[in-house]
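Chemist: Model the following, please.
(chains A and B)
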Amino acid sequence: MSLYSFTRRGLLAAGTALALAVGGGSGAMAQTPPGVLIVGQIAEPKALDPAAVTAVNDFRILMNVYDGLVRYKDGTLEVEPALATGWEISEDGAEYTFTLREGVTFHDGSAFDAEAVKFNFDRMLDESHPYHDTGPFPLAFFFSAVEEVEVVDPLTVKFTLNEPYAPFLSNLAYPTGLIVSPAAVAEHGAEFGRNPSGTGPFSFVEWRSNEAVVVEANPDYWDGAPELEAVVFRPITDANTRTAEMLAGGIDLMVEVPPVALSEFQADPYTIHEQAGPHVWFLILNAKEGPFSDVRVRQAANYAIDKEAIVNDVLEGTAEVAAGPTPPAFAWAYNEELEPYPHDPEKARELLAEAGAEGAEITFYVTEGGSGMLDPIAMGTAMQADLEEVGFDVTIETYEWNTFLGNVNPGLEGKADMAQMAWMTNDPDTLPFLALRTAAWPDQGGFNSGYYSNPEVDALLEQARVATDQEERARLYKEMQAIVQEDAPWVFVANWKQNAVTSDRVENFSLQPSFFLLLDDVVKN
Amino acid sequence: MGGYILKRLVSAVPVLLGITVIVFLIMALIPGDPATAILGSYATPENVAKLNADLGLDRPLWQQYFVWLGNMLTGDFGTSFALNRPVLDEVLERFNATLVLAGTAFVLCAVLGVAAGVASASNQYGAADKLITFVVLLGISIPSFFLGMMMILVFAVNLRLFPVSGMWPIYGDRDLSALISHLTLPALALAVVATGVIARLARSAMLEVLRQDFIRTARAKGVPERGVIWRHALKAAMVSIIPVLGIQAGFVLSGAVYIEIVFQWPGVGRMLVDAILRRDILLVQGGVVFVAACYVLFNIAVDVAQGLLDPRIKT
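Modeler: Sure thing, here's the model as predicted:
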């Protein structure tokens, strides 16, 4: 009976351990407190210095700690005043004069004025600036058109551009244009990214590495103090774990819900939020060589791929079918008249026959996943099946994201006929300017990896970039979209709808088309 | 003895240097660079070149290596591109978390594994033996990351007995009970496979010993069965169990990578996976060199300890 006594003792020990753990557990798992919003983020931020970061994940925190001179109007991608109360653009479109908001202070107590604005842009752009070494500033080229920032008086600042540059205002609304406290940069130097200070609705409290970033309400916020007491941003990289945390009540708001997990949140007490954004998912076609150098074959690919099925079945409705190169979220610049290429295998076969390209062999670059790429392997497989159905012979090559970019960005020539790609931008100018112009071929430093070239499109984009009148810009972009759709340098696939889930304790939350996370009006009970 | 230790330490120097060369070359030769990873959509050749220059990655490879090595010898492991903080701070903090997780899991699998093996062996072909064998086989067969997810689903989401992820509560005290409640699920999930292996081995080692003459003698002398098994047999069986424990300690440490990802444990394994995907070169290099140095030193310590116990080894 010796074994019995061992077991009994073991059981006792195990029971004690379990009781201890459960006892400890119940304390740790008390309901999250009211007024404190816990956000499940997808990764640890790199830094909380808006000039130094590039990831949407970091922007989600930054937009709540800082303000820019301008911002996107709620629910749109149109700019409205923020730290600047208004601005004037010179006749030739090369001078922007901003009037600044009076009485605004940074979280560290220092005053916001024209000197602070100048400091911010000089720090990023002027290599001899004393704090230029707090970089690198990877997105500083957003403002490469800025030649000089001039302090006219404490509440007036003038930007001189080296040429008219229409996207300037919306670049100012982007996180790279957020204004940081010069005093805090001077105090913390290279450590500023871990000791941020801005003018935003929330001020920084602490950053516990790999655990949480905590911010608290700024009671003196110029646009009204936020409802929440504090926000905790938790990095949870694994999507399944993030879903489990949401289900267990460990977080109140979860961003980027994987499509397969959406069904978990269909019923009470959860609310699913969806918002289409400035995102487009497409296939780059190699227009320089091989079968896709014929426009009919490129159109055939557009007809062959069943985008509805991809959006509904592979992506579970988390995206919409794209019609052209510009996402509908850019409402003012979007050509409403465009209809997506319908799924028409018959038409695709006809076009292939006409071009004499039946059985064309296609090398297709697919990535394992990456920023904005959604579910690329499943999508790639579905596309392969659709293309083979109409008579293409498709071979998939799969690469890890950074390797993939290293292969695709220098151009597809000699390597592949087709590659997946996705972009999220803040201005309708960015993507076509960087990826559709002849002057944007990879050997000239652009992203036109499929070597599309149409002088008409080039001219329209050059004109739109220097036009300062929004209606004129809109007209040019719409015309460009119609031509590009017809030329089919890409297969236009999907526009992603960003999603998020909140628990029933969270009110007044909505997602923005900019994909930023704005929390100043959110309430948590 | 001092001379022996010194000799072993000196012999570790080329090993460590070799590790630095290999790690450096691997990170330099894999496709993709940190500038491309940081810039994402905006990685034009021009932007990439500028950022690489800002990061000091435009110098010749051999120069980069010696700058890195020289800095490391003075204790400066550099700054992580992706986390913007000193590599050494990050690695030490993360290694600490991994040690807590893997250490707990190792104690769990050693104690439970040996106990299950002994219980099985002392009741060969009995009900307890069959039950334990079945459970152990199940444990060995389930991949730990899957088991981890299932444990989260059952114990954290449905029963809400434990938190889902992390090492510490987001608010509230950072005391021992908070740590235990966060540690329980990941440590168990990590321990299961090793427990199974150890249990199987302990069972056969015990069976071997129980057949020997001195056990029969002990029983004939009237030693109670409990004493025979735990004092006489287990002591003899430990000789063949201990080396397996050593090997399993290594498996537990490397298996921690999966568990750290599933449970969002802030350990060094998850850190390395994230760092590799982000092409965070200095963090990968620093992390691997640090962990490798720990292994080398640990091995020297084991050899020295064995040398102390058994003078024949010291040659």
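
Chemist: all contacts plus neighbour counts: C-alpha atoms, from now on.
Modeler: Will do.

Chemist: what stretches of the chain score poorly on pLDDT?
Modeler: As the question left the chain open, I've gone with chain A. Filtered on pLDDT under 70, chain A yields the residue ranges A:1-31.

Chemist: hmm, I had chain B in mind actually
Modeler: In chain B, residues with pLDDT under 70: B:40-41, B:306, B:309-315.

Chemist: any idea where the helices of it begin and end?
Modeler: With DSSP state H as the criterion, chain B has helices at B:2-29, B:34-39, B:45-54, B:61-73, B:87-121, B:127-141, B:144-151, B:176-210, B:213-221, B:225-227, B:234-262, B:268-277, B:281-309.

Chemist: Which strands or helices does the last one pack on?
Modeler: This means helix B:281-309. Based on contacts counted as 3 or more CA pairs under 8 Å, 6 or more residues apart in numbering or on different chains; DSSP states H and E, the elements that helix B:281-309 packs against are helix B:2-29, helix B:87-121, helix B:268-277.

Chemist: how does it look with 10 Å?
Modeler: If contacts are counted by 3 or more CA pairs under 10 Å, 6 or more residues apart in numbering or on different chains; DSSP states H and E, helix B:281-309 sits against helix B:2-29, helix B:61-73, helix B:87-121, helix B:268-277.

Chemist: Same question for the first one.
Modeler: Under the contact definition 3+ CA pairs under 10 Å, 6+ apart, helix B:2-29 sits against helix B:61-73, helix B:281-309.

Chemist: try it again with 7 Å
Modeler: The contact analysis (3 or more CA pairs under 7 Å, 6 or more residues apart in numbering or on different chains; DSSP states H and E) places helix B:2-29 against helix B:281-309.

Chemist: Equivalent analysis for the third one, please.
Modeler: Helices and strands touching helix B:45-54, as assessed by 3+ CA pairs under 7 Å, 6+ apart, comprise helix B:34-39.

Chemist: Give me the neighbour count for the closest residue to chain A within the stretch 201-315 of chain B.
Modeler: Closest contact between the stretch 201-315 of chain B and chain A, by CA to the nearest CA, is at residue B:226 (5.0 Å). Using other CA atoms under 10 Å in any protein chain shown, residue B:226 has 16 neighbouring residues.

Chemist: Residues of chain B that sit close to chain A?
Modeler: For chain B, the contact set with chain A under CA under 7 Å from any CA of the partner chain comprises B:31-32, B:36-39, B:41, B:44-46, B:51, B:54, B:82-84, B:156-157, B:160-164, B:169, B:172, B:177-178, B:180-181, B:225-226, B:261-264, B:266.

Chemist: please redo it, this time with the cut-off set to 6 Å
Modeler: B:31-32, B:44-45, B:82-83, B:157, B:162, B:164, B:169, B:177-178, B:180-181, B:226 (CA under 6 Å from any CA of the partner chain).

Chemist: start to end distance for stretch A:465-475?
Modeler: 12 Å (CA to CA, to the nearest Å).

Chemist: So what's the gap between that stretch and the chain middle?
Modeler: 24 Å (CA atoms, centre = their mean, to the nearest Å).

Chemist: about what we covered before: out of the residues of chain B next to chain A, who's the most crowded?
Modeler: Highest count within these by other CA under 10 Å belongs to residue B:164, 32 neighbours.

Chemist: Would you mind giving the domain segments of chain B?
Modeler: By the assignment in automatic domain parsing, chain B contains the domains B:2-73, B:95-314.

Chemist: Can I get these in a markdown table including distance to residue A:275?
Modeler: Formatted as a markdown table, the domains of chain B follow (distance: least, CA to CA, whole Å):
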| stretch | distance to residue A:275 |
| --- | --- |
| domain B:2-73 | 21 |
| domain B:95-314 | 28 |
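
Chemist: Return the most buried member of these.
Modeler: Neighbour counts (mean count of other CA atoms under 10 Å in any protein chain shown) averaged over each of these peak at domain B:95-314, with a mean of 19.

Chemist: to the chain's geometric centre, what's the distance from that domain?
Modeler: The answer for domain B:95-314 is 10 Å, by CA atoms, centre = their mean.

Chemist: How about stretch B:89-105?
Modeler: Chain-centre distance of stretch B:89-105: 9 Å, with CA atoms, centre = their mean.

Chemist: now stretch A:182-193
Modeler: For stretch A:182-193, the distance to the chain centre is 27 Å (CA atoms, centre = their mean).

Chemist: I would like the residues contacting it, please.
Modeler: For stretch A:182-193, contacts defined as CA atoms under 6 Å, 6 or more residues apart in numbering or on different chains pick out A:47-49, A:134.

Chemist: Find the closest residue to chain B in the stretch 151-300 of chain A.
Modeler: residue A:248 (4.6 Å).

Chemist: Find the nearest non-adjacent residue to that residue, please.
Modeler: Among residues not flanking residue A:248 along the chain, residue B:157 sits closest, at 4.6 Å (CA to CA, 6 or more residues apart in numbering or on different chains).

Chemist: can you pull out the helices in the stretch 251-400 of chain A?
Modeler: A:295-304, A:307-309, A:345-355, A:376-389 (DSSP state H, counting those that start in this stretch).

Chemist: Serialize the ones you listed to a markdown table and add fields for mean neighbour count and distance to chain B.
Modeler: Shown next, in a markdown table, are those (neighbours: other CA atoms under 10 Å in any protein chain shown; distance: least, CA to the nearest CA, whole Å):
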| stretch | mean neighbour count | distance to chain B |
| --- | --- | --- |
| helix A:295-304 | 26 | 24 |
| helix A:307-309 | 21 | 23 |
| helix A:345-355 | 18 | 31 |
| helix A:376-389 | 18 | 16 |
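
Chemist: Let me have those helices in a markdown table, adding distance to residue B:106 as columns.
Modeler: As requested, the helices of the stretch 251-400 of chain A are arranged in a markdown table below (distance: least, CA to CA, whole Å):
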| stretch | distance to residue B:106 |
| --- | --- |
| helix A:295-304 | 56 |
| helix A:307-309 | 49 |
| helix A:345-355 | 59 |
| helix A:376-389 | 38 |
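
Chemist: Out of those, flag the one nearest residue A:113.
Modeler: Closest approach to residue A:113 among the helices of the stretch 251-400 of chain A (CA to CA): helix A:376-389, 46.2 Å.

Chemist: send the alpha carbons of the closest one over as CSV?
Modeler: As requested, the backbone C-alpha atoms of helix A:376-389 are provided in CSV (Å, rounded to 0.1, in the frame of the first residue of the first chain):
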residue,chain,number,x,y,z
PRO,A,376,-1.9,35.7,-49.7
ILE,A,377,-1.2,31.9,-50.0
ALA,A,378,-4.9,30.9,-50.0
MET,A,379,-5.7,33.8,-52.4
GLY,A,380,-2.8,32.8,-54.7
THR,A,381,-4.0,29.2,-54.9
ALA,A,382,-7.5,30.3,-55.8
MET,A,383,-6.1,32.6,-58.5
GLN,A,384,-3.9,29.8,-59.9
ALA,A,385,-7.0,27.6,-60.2
ASP,A,386,-9.0,30.3,-61.9
LEU,A,387,-6.3,31.1,-64.4
GLU,A,388,-5.7,27.5,-65.2
GLU,A,389,-9.4,27.1,-65.8
